[in-house]
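> After the sequence you'll find the predicted model.
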Amino acid sequence: MESNFQLVLLTPEKTVLDREVVSIIAPGSEGFLGVLAHHAPLITGLVPGPLGITYAAGRKGVFFLSGGFLEVSHNRATILADAVERPDEIDVARAEAARDRAREHLSPPQLPDLDVARAEVALKRALTRIRVAERPGA
């Protein structure tokens, strides 16, 4: 029998999700981390990436997180995110344009004032948004 916990997904504008789930896989600052029911307390930073969720009966879902924080305590996970997008909310054309701009900035010759780290983060964020939009149940 699966054991559930409460997941609350918040942005500055709204509560995106507040329901019981079986598990989550979140893009932590030190790598992806999984959370199941009765997880040990933890607080960690989140980086841009996909948030995988397993709901009751094995149904799966995914969101794009632009970064934020995850707190786990008392069989509850709370994610405070800068921004969250469901797969159907992602503007794929805009993400593809951002991907192309980032790749252009990273290809030689680079501009002397180019912030390479910022361009790399933009490329990763764009590629992840495209992947989430193309695989909504992943």
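Nice, thanks for sending it over.

> from here on, contacts and neighbour counts on C-alpha atoms
OK.

> per-domain residue ranges of this protein.
What automatic domain parsing lists as the domains of the chain is 5-85, 90-134.

> Go through those and find the least confident stretch.
Lowest mean pLDDT within the domains of the chain: domain 90-134, at a mean of 82.

> and stretch 3-14, which residues are buried?
Of all the residues in stretch 3-14, those buried under the rule 16 or more other Cα atoms under 10 Å are 4-11.

> can you check stretch 90-104 too?
90, 92, 95-96, 98-99, 102.

> Name the surrounding residues that touch that stretch.
Contacts with stretch 90-104, where a contact means Cα atoms under 8 Å, 6 or more residues apart in numbering, come from 119-120, 122-123, 126-127, 129-130, 133.

> Need the contact partners of stretch 75-87.
Taking Cα under 8 Å, 6+ apart as the rule, stretch 75-87 contacts 5-12, 16, 37-39, 62-72, 132-136.
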